[in-house]
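S.K.: got a sequence here, can you build the structure:
(one chain, ligands or ions: 2)
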Amino acid sequence: ISYMAEQMRDQSLHPGQQQAVHATEGPFLILAGAGSGKTRVMTARTTHLISDLGVKPNQIMVVTFTTKAADEIRQRIARQLPAGQARELIAGTFHSIFYRMLLHHQPERWDQQRLLKKDWQKWRLMRETGALLGHDDLATLKETEITEALGIISRWKNEYILPHEVAYREATSDAEKRAIQLYPLYEATKKKHQWFDFDDMLIGCYEMLRDDPGLLRRYQERLTYVMVDEFQDINRIQYETVKLLAAPQNNLCVIGDDDQSIYGFRGSDPQYILGFTKDFPQASTFTLEVNYRSHSSIVSLGYSLIGHNRERWAKECQSFHREEGDTYLFEPEDEEEQASRIVDEIIHRREQGAILGECAILYRTNESARPILERLSEAGIPFHYTQEEESFYQRQTVRWTLNYLRLALNPDDTDALKEILSTLYISAEMWNALRSQAIIEDKPILHVLPHLTQLKPYQRKHMQQINEILTACKDVPPAQALELIYEDGKLRDYLKKRAKDREDGRERWSDELQQILAASKRHATISDFLAYIDQMTRQEKEWRTMRPLPDEAVHVLSIHRAKGLEYDHVFLPDLVEGALPHEYTLDELRKGGSGALEEERRLLYVAITRARHSLCIGIPRERFGRKTRTSRFIAEMGR
Ligand code: ATP
Ligand code: MG
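M.R.: Ligands and ions are numbered 1, 2, ... in the order given. Below is the predicted model of the structure:
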């Protein structure tokens with residue numbers, strides 16, 4: 001029976017793939033293009049080990065980079081094994097596998113509650129540390145500056161570069177200088193409170209194994225086979241841990257495509273996959289040359305793009321399919337029209353028999369998804385959307401701005417007022433005094449505010465200013481009201497804190513504000529606009545809790561998360577400069593670095609190669625009220 005089962009499985013593998021499945025011993029590298037069946041080989045290898053060679057599922061560790069890909073792999077393997085067996089398999093993302101190990105051995109230390117998840121938790125921590133140690137410059141850092149520094153620190157941690165190792169480093173930028181200063185403080189404060197962040201999980205697991213030879217030996221004896229998919233995205237700390245676990249037999253199979261390395265910001269480096277045979281000179285190397293996923297025009301579009309990268313191992317797959325497939329560009333007026341056209345196209349395809357679950361909209365940044373999600377829900381098309389960031393209308397800058405509009409409309413809106421006043425250091429007692437005064441005088445709090453005796457002169461001045469602005473806002477359209485509000489000095493200072501300074505010294509308004517402004521232009525009155533926002537906020541909540549059946553809903557996800565996945569129809573909005581390639585990349589390019597641009601190119605390559613049959617690319621002529629330029633990648637693809 002086993003022989004027949006093997007026959008059936010192998011029938012769907014090409015001879016080259018079959019060979020890779022059967023080479024189970026020793027270090028092994030599969031380096032091949034997108035859609036060539038790498039993941040399929042990995043799952044077939046796993047079932048081969050279990051069903052044909054009698055290896056126990058819990059002796060095999062299968063690692064990948066995204067939860068979605070991990071789920072997919074577990075399902076693919078489960079389908080080919082007797083019920084229940086796949087559950088024993090150690091399969092998941094690095095974080096999930098390592099974290100489980102940590103929890104198992106040191107449950108106290110790694111309790112969920114000690115995890116620092118959000119950026120703002122870290123900001124607060126940094127500010128407090130700064131104030132505590134008398135670093136005034138730290139206490140007054142902009143949030144974007146802290147975020148930037150935290151990003152650099154995270155990269156160091158993923159490269160296993162410790163605080164003392166950077167202490168005497170010559171900083172190459174202001175951001176790096178701040179990171180050098182912050183790194184030891186950040187680590188010390190975390191340690192003091194026994195908190196940890198995501199990067200600590202990786203470092204913690206590595207150090208636990210390295211420092212406890214007995215424990216390491218137990219793992220090494222049990223784990224006889226280790227496989228890593230998407231190996232191009234491995235970083236140093238992950239690689240070191242994998243090497244520890246796979247030793248001494250080194251039945252380590254790594255699989256990947258250097259053209260799809262897209263996690264540079266987390267310290268991943270395609271050099272690890274390209275240098276694998278240097279670390280393991282006895283390794284066999286394998287490549288696969290047929291793309292089984294995509295129709296031919298999609299395959300060639302992908303290669304015509306990625307061919308522009310310099311740092312790559314040149315390889316090209318031929319499409320297995322005779323069909324040409326469909327690749328087309330369209331140039332809508334703006335992001336709204338782009339959204340409508342994508343949704344119309346999906347409806348059209350559904351009428352022609354397409355399954356909604358086989359349509360995916362892949363975006364570079366969340367901003368691109370919003371208008372499309374709104375159109376989809378208006379059209380009543382179900383979708384999967386797992387949000388990565390905090391809800392748009394809940395973001396602080398957005399809430400702040402909206403609070404002003406709410407107050408203009410309704411001076412009695414105490415919630416909105418309270419939030420605005422919190423930045424003016426109005427104490428709880430003052431707030432209570434205000435409320436009683438307002439009741440006595442039978443006036444909105446906002447109107448009694450400037451007359452309150454306890455106010456300090458600067459507070460009074462500011463309150464008068466707010467009052468004037470709000471009065472002026474009362475009867476104008478929302479877009480004009482927003483312009484007035486942005487003139488308010490205090491608000492401007494506040495927003496400035498959150499905007500990224502540009503190279504040329506001009507401040508750049510955050511995309512969030514551009515988006516609100518653009519949305520406000522579609523409404524004639526403030527109350528219409530606010531009603532629209534309330535509806536959207538409710539909807540967002542619904543979107544996040546929706547759980548439609550997989551086949552019956554369109555997928556809306558970031559390109560980063562789409563790695564390893566595939567769909568019949570893929571839609572890519574916003575192929576314009578500043579979106580893809582991303583603005584940060586362009587900043588870097590202006591400073592003379594081209595590495596980031598290569599990574600953006602790989603990102604687009606990943607997006608394109610997710611499509612089986614059709615690929616639809618949107619190039620809006622305007623985005624959030626600003627003229628756009630077509631992404632340089634379009635010309636590179638010869639389109
Ligand atoms: P990526 O680089 O995007 O992760 P991959 O190399 O891992 O791609 P797979 O996802 O394993 O590629 O395979 C791509 C598609 O081709 C899948 O739908 C898979 O089932 C199919 N496929 C792979 N090998 C064969 C084959 N020999 N015959 C038919 N279909 C195949
Ligand atoms: Mg794959």
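
S.K.: and the residue of the stretch 501-639 of the chain found nearest ligand 1, what is it in contact with?
M.R.: Residue of the stretch 501-639 of the chain nearest ligand 1, by Cβ to the nearest ligand atom: G564 (4.3 Å). Quick note: C-beta positions are derived from backbone N, CA and C, even for glycine. G564 makes contact with 39, 64-66, 68-69, 72, 229-230, according to Cβ atoms under 8 Å, 6 or more residues apart in numbering.

S.K.: which SS state does it fall under?
M.R.: Following DSSP: H, G, I helix; E, B strand; the rest coil, the label given to G564 is coil.

S.K.: ligand 2: which of the contacts of G564 is nearest?
M.R.: Nearest to ligand 2 among the contacts of G564: T39, at 3.2 Å, using Cβ to the ion.

S.K.: that closest one is in what secondary structure piece?
M.R.: helix 38-47 (DSSP states H and E).

S.K.: just L102 next, same as before
M.R.: Using DSSP H and E, L102 falls in helix 94-105.

S.K.: same check, this time on Y328
M.R.: Applying DSSP H and E, one finds Y328 within strand 326-330.

S.K.: show me which residues of the stretch 1-150 of the chain sit near ligand 1.
M.R.: Contact residues (Cβ under 6 Å from any ligand atom) of the stretch 1-150 of the chain with ligand 1: 12-14, 17, 34-40.

S.K.: now render those residues as JSON lines, adding distance to L216 and pLDDT.
M.R.: Below are these laid out as JSON lines (distance: Cβ to Cβ, whole Å; pLDDT from 0 to 100):
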{"residue": "S12", "distance to L216": "38", "pLDDT": "81"}
{"residue": "L13", "distance to L216": "35", "pLDDT": "87"}
{"residue": "H14", "distance to L216": "38", "pLDDT": "87"}
{"residue": "Q17", "distance to L216": "34", "pLDDT": "91"}
{"residue": "A34", "distance to L216": "35", "pLDDT": "95"}
{"residue": "G35", "distance to L216": "37", "pLDDT": "95"}
{"residue": "S36", "distance to L216": "35", "pLDDT": "94"}
{"residue": "G37", "distance to L216": "34", "pLDDT": "93"}
{"residue": "K38", "distance to L216": "29", "pLDDT": "94"}
{"residue": "T39", "distance to L216": "29", "pLDDT": "93"}
{"residue": "R40", "distance to L216": "32", "pLDDT": "92"}
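
S.K.: buried subset of the residues you listed, written for ChimeraX?
M.R.: Here is the ChimeraX selection string for the buried members of those, based on 16 or more other Cβ atoms under 10 Å:
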select :13,14,17,34,35,36,37,38,39,40
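
S.K.: need the max-distance pair from the residues of the stretch 1-150 of the chain next to ligand 1.
M.R.: Within these, two members stand farthest from each other by Cβ to Cβ: S12 and A34, at 18.8 Å.

S.K.: just the residues of the stretch 1-150 of the chain next to ligand 1 now: which is nearest L301?
M.R.: Distances from L301 to these, taken by Cβ to Cβ, are shortest for A34, at 11.7 Å.

S.K.: mind checking how far the closest one is from ligand 2?
M.R.: 8 Å (Cβ to the ion, to the nearest Å).

S.K.: likewise M126?
M.R.: For M126 relative to ligand 2 (Cβ to the ion), the value is 38 Å.

S.K.: that residue in helix, strand or coil?
M.R.: helix.

S.K.: please state the offset of the helix or strand containing N403 from the chain centre?
M.R.: Secondary structure assigned from DSSP H and E places N403 in helix 396-409. Helix 396-409 sits 27 Å away from the centroid of its parent chain (Cα atoms, centre = their mean, to the nearest Å).

S.K.: what residues of it count as buried?
M.R.: So helix 396-409, judged by 16+ other Cβ under 10 Å, has buried residues 397-398, 400-409.

S.K.: output these in CSV; the columns should cover pLDDT.
M.R.: Listed next are those as CSV, based on pLDDT from 0 to 100:
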residue, pLDDT
T397, 72
V398, 80
W400, 77
T401, 82
L402, 87
N403, 87
Y404, 87
L405, 88
R406, 90
L407, 86
A408, 86
L409, 86
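
S.K.: and these as CSV, adding distance to F98?
M.R.: Listed next are those as CSV, based on distance: Cβ to Cβ, whole Å:
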residue, distance to F98
T397, 35
V398, 35
W400, 39
T401, 41
L402, 41
N403, 42
Y404, 46
L405, 46
R406, 45
L407, 48
A408, 51
L409, 51
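
S.K.: which residues touch stretch 95-104?
M.R.: Contacts of stretch 95-104 (Cβ under 8 Å, 6+ apart): 61, 63, 67, 70, 90-92, 109-110, 198, 201-202, 204-205, 208, 241.

S.K.: put the buried members of the residues you listed into a PyMOL selection.
M.R.: Command for PyMOL that selects the buried part of those, burial taken from 16+ other Cβ under 10 Å:
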select buried, resi 61+63+70+90+91+92+110+201+202+204+205+208+241
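
S.K.: R222 against Q59, yeah?
M.R.: Yes. Using Cβ atoms under 8 Å, R222 is in contact with Q59, at 6.1 Å.

S.K.: so between these two, which is more surrounded?
M.R.: Q59 (18 against 13; other Cβ atoms under 10 Å).

S.K.: surely the more buried one and E221 touch.
M.R.: No. In this structure Q59 lies outside contact range of E221 using Cβ under 8 Å: 9.4 Å.

S.K.: need the nearest residue in space to the residue of the stretch 201-350 of the chain at minimum distance from ligand 1, chain neighbours excluded.
M.R.: For the stretch 201-350 of the chain and ligand 1, the shortest gap (Cβ to the nearest ligand atom) falls at Y292, measuring 3.3 Å. Distances taken as Cβ to Cβ, 6 or more residues apart in numbering place F320 nearest to Y292, at 4.7 Å, with adjacent residues excluded.

S.K.: quick one: contacts for the one you found?
M.R.: Contacts of F320 (Cβ under 8 Å, 6+ apart): 290-292.

S.K.: closest to R602 among the residues you listed?
M.R.: Nearest to R602 among these, with distances taken as Cβ to Cβ, is N291, at 16.7 Å.
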